[in-house]
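Student: need a 3D model of the following:
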Amino acid sequence: MERRRTYGIMGGVVLTLALVAMISITYATFNKTLNINGAGTVNAQKWDIHFDTSSLQKSTTGTATATVPTVNATSIGNYTATFSTPGDSVTYTFKVVNSGTFNASISSVNVPTPTVTGTGTNKANDEANVSGKLSYQLLNNDNSAVAVGQTLAKNGGEKTMKLILTYQTFNDATLLPQNDVTISNLAVSLTYQQAS
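Tutor: Here you go, the predicted structure:
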């Protein structure tokens, strides 16, 4: 009886192991691995808004004199202008070029109000008289103001602009400065961003 019981237990264990193995094999047959493969490319792009260094031209009216500024891709600077007579002006004409692969638009324009500094005993009056007669403008070639939102096409788009400093015409001799007056704060900035 003991033997029969041992065979019965062993038979049950063997049957259980066989069932577990069969379930494992059956379960394994329902597994499936799916693969996704691919490749991508990022095309070469560039952001390149700059001054055309060969385009800069200087012109004066009246008795005004001016130096030719230094020019590189991102700045025009170190110019001086001297006015002797009301109506004198200095104009710098230049091109901004978009050699990049994105359309661009102006996101900010800063044309400051010039600062005048007088000398001598009539300093305050000279400063007030001259500052009231100075005009400083950044214009497009058609004489419209350079403005936020103005676009520049990709791949070679260009825009001709003019920076004009003018000592305006007037007929009242009492407004002429008695001593030299210096003009400063002429740093203009243009910021471009990718156009939507």
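Student: distance check, residue 152 against residue 74.
Tutor: Distance of residue 152 to residue 74, given as C-beta to C-beta, to the nearest Å: 15 Å. Quick note: C-beta positions are derived from backbone N, CA and C, even for glycine.
Student: who's more crowded, the two?
Tutor: Each of residue 152 and residue 74 has its neighbours counted (other C-beta atoms under 10 Å); residue 152 has more, 20 against 8.
Student: contacting residues for the more buried one?
Tutor: Going by C-beta atoms under 8 Å, 6 or more residues apart in numbering, residue 152 touches 49, 96-98, 103-106, 158-159, 192, 195.
Student: out of the residues you listed, which comes closest to residue 180?
Tutor: residue 96 (34.0 Å; C-beta to C-beta).
Student: which stretches of the protein form strands?
Tutor: Along the chain, counting by DSSP state E, strands occupy 49-51, 57-61, 65-66, 70-71, 76-77, 81-82, 89-98, 104-110, 115-117, 134-140, 151-152, 157-167, 182-184, 189-194.
Student: hey, which helix or strand in the chain has the poorest pLDDT?
Tutor: The helix or strand of the chain with the poorest confidence is helix 2-28; it has a mean of 63 (mean pLDDT, DSSP states H and E).
Student: thinking again about what came up before, just put the strands of the chain in a markdown table and tack on mean pLDDT.
Tutor: Output for those, formatted as a markdown table (pLDDT from 0 to 100):
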| stretch | mean pLDDT |
| --- | --- |
| strand 49-51 | 97 |
| strand 57-61 | 97 |
| strand 65-66 | 96 |
| strand 70-71 | 94 |
| strand 76-77 | 92 |
| strand 81-82 | 96 |
| strand 89-98 | 98 |
| strand 104-110 | 97 |
| strand 115-117 | 96 |
| strand 134-140 | 98 |
| strand 151-152 | 96 |
| strand 157-167 | 97 |
| strand 182-184 | 96 |
| strand 189-194 | 96 |
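Student: make JSON lines out of these and add distance to residue 40.
Tutor: Shown next, in JSON lines, are those (distance: least, C-beta to C-beta, whole Å):
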{"stretch": "strand 49-51", "distance to residue 40": "28"}
{"stretch": "strand 57-61", "distance to residue 40": "47"}
{"stretch": "strand 65-66", "distance to residue 40": "54"}
{"stretch": "strand 70-71", "distance to residue 40": "41"}
{"stretch": "strand 76-77", "distance to residue 40": "41"}
{"stretch": "strand 81-82", "distance to residue 40": "54"}
{"stretch": "strand 89-98", "distance to residue 40": "27"}
{"stretch": "strand 104-110", "distance to residue 40": "26"}
{"stretch": "strand 115-117", "distance to residue 40": "54"}
{"stretch": "strand 134-140", "distance to residue 40": "41"}
{"stretch": "strand 151-152", "distance to residue 40": "30"}
{"stretch": "strand 157-167", "distance to residue 40": "29"}
{"stretch": "strand 182-184", "distance to residue 40": "53"}
{"stretch": "strand 189-194", "distance to residue 40": "22"}
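Student: identify whichever of those lies nearest to residue 174.
Tutor: For those, the distance to residue 174 is smallest for strand 157-167, at 16.0 Å, taking C-beta to C-beta.
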